[in-house]
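Participant: Give me a model of this one.
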Amino acid sequence: MLLLVLGTAAGGGIPQWNCACPGCSGARAHPCRRRRHASLAVRAGEGRWYVVNATPDLGDQIEAHPGLHPGPGPRQTPLAGVVLTDAELDHTLGIPRLREADCLQVLATAPVRQALLDRLHLGDVLTPYTSVTWRELPRRGAEPLDAETAGGLRITGIPVSGKRPRYAADAPDDDAWVTALRLYDPATGGTALYAPALAAWPDHFQRAAEEADCVIVDGTFWDDEEPRRTGISSRTATGMGHLPIEGPGGTAERLARLSARCLYTHLNNTNPLVDPAAPQHKRLARLGLEVAHDGMVIEL
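Facilitator: The predicted structure follows:
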């Protein structure tokens, strides 16, 4: 299994266009601190890749990785489809960027698909440009990620939250609004768990984490009070649908007990971890935890 980390930032990216917080200002002064929106590219087979979450940075993310470049035909692309973990704008706005494709395959849960079709009208927008095939993200058992790759990766969606995006706040309740992805490689036995948004830590997620070789999880906020302390929200981290890294209910201690390689992604611009010199990095290192960075390659 080969994973490319295309981005590691929460909504707005780092720097965010209208933000002068220390994290964004530091990224402007030091371009090496810049982070694109959180996303993965997963190799399903030779010359076939799936993008997990289509972000506003999708074009630049593809250009940053030669393995995702088109060719040898003039419109031949290795991008076979998109997998969505939720319906948030920072994970879906990149879908219209793919309108030049001859056809487009999108894997999503039912509530996510309906939000994109009924609220954002993506079907109406894309139909004049390309053919879109929607596949249900399996929640029970595992299914092939790519039907054209024999013996390839298998994927399962693990519901972790009923948090709806703001534009669908009045939509019906469903625990599959936000899912973690379990990716399994039958050839190597390697298993990866990807959860860029995590509002709770249910038992079924714990079991999946214990079975995984690599766990990449929501690191939006360092502690629960960070959004209120920095003035970006009147709500706490958990109130915004993100378990904090440190403190009561934090994920660091949970991850430290796992045997898997564990990394954080989806960092908000207020998170001290966006500064490579922040002491919080040493705290994580003592626990055996890492912060993912843009361009990282993970092989299982």
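
Participant: any idea whether the closest residue to residue 37 other than its chain neighbours is helix, strand or coil?
Facilitator: When the adjacent residues along the chain are set aside, residue 37 lies closest to residue 55, with 3.5 Å between them (Cβ to Cβ, 6 or more residues apart in numbering). Quick note: C-beta positions are derived from backbone N, CA and C, even for glycine. Look at residue 55: counting by DSSP: H, G, I helix; E, B strand; the rest coil, its state is coil.

Participant: Any idea how far stretch 55-67 is from the middle of the chain?
Facilitator: With Cα atoms, centre = their mean, to the nearest Å as the basis, stretch 55-67 stands 14 Å off its chain's centre.

Participant: what distance separates stretch 141-154 from the centre of its chain?
Facilitator: The answer for stretch 141-154 is 20 Å, by Cα atoms, centre = their mean.

Participant: Endpoint to endpoint, that stretch covers what distance?
Facilitator: Stretch 141-154 has an end-to-end distance of 9 Å (criterion: Cα to Cα, to the nearest Å).

Participant: neighbouring contacts of it?
Facilitator: The contact list for stretch 141-154 (Cβ atoms under 8 Å, 6 or more residues apart in numbering) reads 1, 42, 44-45, 48, 50, 80-81, 83, 107, 155-156, 182-187.

Participant: And the strands in this structure, which stretches?
Facilitator: For the chain, the strands defined by DSSP state E occupy 2-7, 39-45, 48-52, 79-83, 103-108, 131-136, 143-144, 154-161, 178-184, 191-195, 214-218, 261-265, 290-291, 297-299.

Participant: who wins for proximity to residue 125 among those?
Facilitator: Ranking the strands of the chain by proximity to residue 125 (Cβ to Cβ) places strand 131-136 first, at 9.9 Å.

Participant: Dump the C-alpha coordinates for that closest one into PDB.
Facilitator: The C-alpha coordinates for strand 131-136 follow below in PDB (Å, rounded to 0.1, in the frame of the first residue of the first chain):
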ATOM      1  CA  SER A 131     -20.200  11.800 -16.300                       C
ATOM      2  CA  VAL A 132     -20.200  11.200 -12.500                       C
ATOM      3  CA  THR A 133     -20.700   7.700 -11.000                       C
ATOM      4  CA  TRP A 134     -21.600   7.600  -7.300                       C
ATOM      5  CA  ARG A 135     -20.600   4.600  -5.300                       C
ATOM      6  CA  GLU A 136     -21.800   3.800  -1.800                       C
END
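
Participant: what lines up beside that strand in the sheet?
Facilitator: When sheet partners are counted by DSSP bridges, strand 131-136 sits next to strand 103-108 (parallel).

Participant: list the buried ones in the partner strand?
Facilitator: 104, 105, 106, 107, 108 (16 or more other Cβ atoms under 10 Å).

Participant: same deal with stretch 67-85?
Facilitator: Across stretch 67-85, burial judged by 16+ other Cβ under 10 Å covers 68, 77, 78, 79, 80, 81, 82, 83, 84, 85.

Participant: what would the residues you listed look like in TSV with distance to residue 131 and pLDDT?
Facilitator: Shown next, in TSV, are the buried residues of stretch 67-85 (distance: Cβ to Cβ, whole Å; pLDDT from 0 to 100):
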residue	distance to residue 131	pLDDT
68	21	97
77	15	96
78	19	96
79	15	97
80	14	96
81	12	97
82	14	98
83	18	98
84	18	98
85	23	98
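
Participant: now the helices for the stretch 101-250 of the chain?
Facilitator: Assigned helices in the stretch 101-250 of the chain, in chain order: 110-114, 122-126, 203-211, 226-229 (criterion: DSSP state H, counting those that start in this stretch).

Participant: Pull out the buried residues from the third one.
Facilitator: It refers to helix 203-211. Residues of helix 203-211 classed as buried: 205, 208, 209 (neighbour count, 16+ other Cβ under 10 Å).

Participant: Kindly indicate which of these lies nearest residue 240.
Facilitator: Of all the buried residues of helix 203-211, residue 205 has the smallest distance to residue 240: 18.7 Å, by Cβ to Cβ.

Participant: can you tell me how far the closest one sits from residue 265?
Facilitator: Residue 205 sits 16 Å away from residue 265, going by Cβ to Cβ, to the nearest Å.

Participant: Quick one: distance of stretch 85-101 to the chain centre.
Facilitator: Distance of stretch 85-101 from its chain centroid, counting by Cα atoms, centre = their mean, is 12 Å.

Participant: Let me fix that, I meant to ask about stretch 268-283.
Facilitator: 20 Å.

Participant: Nearest to residue 96 among the buried residues of stretch 67-85?
Facilitator: If you rank the buried residues of stretch 67-85 by distance to residue 96 using Cβ to Cβ, residue 82 comes first, at 11.5 Å.

Participant: In this model residue 35 seems to touch the residue nearest to residue 37, though I could be wrong.
Facilitator: No: counting by Cβ atoms under 8 Å, residue 55 does not reach residue 35; the two are 11.1 Å apart.

Participant: Fine by me, thanks again.
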